[in-house]
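**Student:** Mind looking at a prediction? Sequence and model below.
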Amino acid sequence: MPEQPQMIIGTLGPSHSHAWQAAALHDPAAELKAFPHTNGLLAAFAAGAIDRAVLPVYNTREGSGTQYFGLFSQIKAGWWIDNVVLPVSLSLGVFTPSTQPEELKTLLGRRAVFRQCEEYISRTFPDIALTSVADLDLALARVRAQGAHSCGVIDTAEMLLAYGLHIAEREVAPHSRTRYAVLGRKLARPTGYDSTALLTKPLDDRVGLLVDILGEFARRGINILDMSSENDPQTQKLQIYVEAEGHIEDEAMAGAIAQIEERIVGQKHSLRLLGCFPRVDMRPKHIRSVGFIGTGDMSAWFAERLENEGYRVFMTGRNTELRPEQMIAEVDVVLVCVPISVTADTVRQYGPLIADGKALILLAGEADSTISTALECTSKGVEVMLVHNLWGPAAAAMKDKNAVVVRTRRSGKFSSEFEAFLYKHGASIHYDSALRHDLLMGIGQKLPTAVSVALAMTLAENQITADEIAGHCTLTSLYPILAMARAHSQNPRTYAEILSMRGESGKIVRDFALNLERVMAMGDKAKIQELCGLIEQNRKHLTERFLQNRMDQAKAVDKVLGAMI
Ligand SMILES: NC(=O)C1=CN([C@@H]2O[C@H](COP(=O)(O)OP(=O)(O)OC[C@H]3O[C@@H](n4cnc5c(N)ncnc54)[C@H](O)[C@@H]3O)[C@@H](O)[C@H]2O)C=CC1
Ligand SMILES: O=C(O)C(=O)Cc1ccc(O)cc1
């Protein structure tokens, strides 16, 4: 095979500077070239004299913002393809070992370095003169020539020692970390765990423009990692920088960008893609890998999103080559996502294989019997939690959708991290006990499903046609008809499983059936006064506030669907 030519990476000098170290970390095999200024570095990159450029874009102590705008207005070609994050350890150096910090009259350093240790300087040297320099090499030579007893220098310890200085104090800017952008010629390919950086053109003023732009990401479940805005110095128009999770090749990301350009800003190429790169993750994470038992629609839906969070995801089922037993030995969290009616059996079969220190999370529509089984069948050191997502696999995102979380006394850090994943994606989380969840699902699922199926049976038995339903629909009968349509348009197994749920949900449907009989009996006997009294009594329980809010929603539906009726 022909040997690959050695890659040349340009960065900010002098050699062994922080940026130099970042470039070396990015590709230890590359040849490094140091440039004294960003301008020279970018010019060399644009001219093709170097293959890649590594330069600082953000420091935890300097704050963000201006860097992106200024920098990317100078970069005309190439892409942001990767990042290197380095802790910055700054020290104070002096020219003679006997010099005490109190004796110093002047401090010498690069501008960015002074910004990072502003707190230290104002605390320790409130009256000192600061000389910020672009080229430390040159400045040090000059100071040395003048005799430099009262001058201190701030930089990394390696750099100070390399210049023959003595360290007077270390760690003068704790928690300082710098993020370096790596620029390359080709857009980075998707890795499955990426971010995309975008910069708008200067935009014309419009009320709600920023909200509308960000809304396009939110609607598609795309998390925004960073956002800043600035007024373009020339036109004084707003420019927005957005860094969002995902790759430009993802359908959701491409859709958001197209919509923003076409509909929100109304101008082609109003969003400039700066690049895509593997996500820079600063949060502490406990879960590394998750494994599903069940390879159905809901497992696939969650698996895709968990992979996008950087977790390793394994899928197992009755027919997969990878057996659940093997998977369980490998992962931190086991997710059981099989039909409700077989969830407890599945937990009985596999729960005992889960080792202490791991978690079992049930993604299921029934809580009481499944959680009891999980607590019984797993070792005491295994976390147990149930999540019931109240949306189906057709949903584009979990933003603003209800999720019920049933924690147990054995829900710990893995459970909390899974919850944080739901929270991050915008799910509206509700906490229930297992019994309360099951009772409420009688209202949320079992009863409307039972009504839907019984309604469709009634239509068939009475030979009522689809056209007749549409022609005789009222604003009130619309709702059960829509529910009937939903329940008969999707996977029948989902609804058969809901109708077969055990536990408290059954009480709801049985009580309903009894009450239906009672109401009908009153109607048959034309007990109008009593029926009015009953409705008044119901109103009291429902409360005026609830009725008012829901009625407002119903009117909004009327506006949209009124024409169809
Ligand atoms: N589909 C939906 O709209 C929603 C489903 N859920 C919950 O997600 C869970 C899974 O539902 P879906 O993925 O929709 O179902 P699905 O029918 O698409 O997939 C079920 C999976 O379980 C496997 N399976 C079936 N019988 C099994 C058995 N006896 N032993 C082992 N595995 C078996 C199937 O092969 C399939 O891989 C359920 O507990 C349901 O309550 C929650 C919210 C919405
Ligand atoms: O039709 C519905 O109600 C849905 O939107 C999908 C659904 C099905 C099963 C669940 O456990 C939760 C939600």
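**Tutor:** That came through fine. Ligands and ions are numbered 1, 2, ... in the order given.
**Student:** pretty sure Y241 is in a strand, no?
**Tutor:** Yes. Under DSSP: H, G, I helix; E, B strand; the rest coil, Y241 falls within a strand.
**Student:** looking at the sheet around it, what are its partners?
**Tutor:** L199, S228 (DSSP bridges).
**Student:** go on, L107?
**Tutor:** In beta-bridge terms (that is, DSSP bridges), L107 pairs with L130, G152.
**Student:** Neighbours of it, how many?
**Tutor:** 21 (other CB atoms under 10 Å). Heads up, the C-betas are built off the backbone N, CA and C, glycines and all.
**Student:** Mind listing the residues bridging to N59?
**Tutor:** Beta-bridge partners, per DSSP bridges, of N59: G63, T178.
**Student:** shouldn't it be in contact with T178?
**Tutor:** Yes. Using CB atoms under 8 Å, N59 is in contact with T178, at 4.7 Å.
**Student:** For the two, list the residues in contact with both.
**Tutor:** Common neighbours of N59 and T178, counting by CB atoms under 8 Å, 6 or more residues apart in numbering, are V88.
**Student:** can you count the residues close to the residue in the stretch 401-550 of the chain positioned nearest to ligand 1?
**Tutor:** In the stretch 401-550 of the chain, no residue comes nearer to ligand 1 than T494, which is 4.4 Å away by CB to the nearest ligand atom. A total of 19 residues lie near T494 under the criterion other CB under 10 Å.
**Student:** Got the confidence number for it?
**Tutor:** With respect to pLDDT, T494 scores 93.
**Student:** Could you do L160 as well?
**Tutor:** pLDDT, read off for L160, is 92.
**Student:** for ligand 2, what are the nearby residues on the chain?
**Tutor:** G365, L390, W391, G392, Q445, R486, T494 (CB under 6 Å from any ligand atom).
**Student:** The closest residue to R407 other than its chain neighbours: what's it in contact with?
**Tutor:** Counting by CB to CB, 6 or more residues apart in numbering, M385 is the residue found nearest to R407 once chain neighbours are left out, at 5.5 Å. By CB under 8 Å, 6+ apart, the contact list for M385 reads A359, L360, I361, L362, V405, V406, R407, T408, S411, S415, F418, E419.
**Student:** got it, and Q100?
**Tutor:** A168.
**Student:** Can you tell me how far it is from L165?
**Tutor:** Here the criterion is CB to CB, to the nearest Å. By it, Q100 lies 15 Å from L165.
**Student:** So, low pLDDT: which residues of the stretch 51-200 of the chain?
**Tutor:** Low-confidence segments of the stretch 51-200 of the chain, defined by pLDDT under 70: 63-66.
**Student:** So V384 lies in a helix, does it not?
**Tutor:** No. Judged by three-state DSSP, V384 forms no part of a helix; its state is strand.
**Student:** who's it bridged to?
**Tutor:** L360.
**Student:** what pLDDT does it get?
**Tutor:** Reading off the model, V384 has pLDDT 98.
**Student:** before we move on, the earlier item: out of the contacts of M385, who's nearest K527?
**Tutor:** If you rank the contacts of M385 by distance to K527 using CB to CB, V406 comes first, at 42.1 Å.
**Student:** Flag every residue of this structure that's near ligand 1.
**Tutor:** Going by CB under 6 Å from any ligand atom, the residues of the chain near ligand 1 are 294-299, 317-318, 337-340, 342-343, 346, 363-365, 389, 392-393, 493-494.
**Student:** Recalculate using a threshold of 5 Å.
**Tutor:** Selection of the chain residues close to ligand 1 by CB under 5 Å from any ligand atom yields 294-298, 317, 337-338, 340, 342, 364-365, 389, 392, 494.
**Student:** Which among the residues you listed count as buried?
**Tutor:** Buried members of the residues of the chain next to ligand 1, counted by 16 or more other CB atoms under 10 Å: 294-298, 317, 337-338, 340, 364-365, 389, 494.
**Student:** Just flag the most distant two among those residues.
**Tutor:** G317 and N389 (19.2 Å).
**Student:** Number of residues surrounding whichever residue of the stretch 101-250 of the chain sits closest to ligand 2?
**Tutor:** Using CB to the nearest ligand atom, the closest approach of the stretch 101-250 of the chain to ligand 2 is made by G221 at 16.4 Å. Number of residues near G221 (other CB under 10 Å) recorded here: 21.
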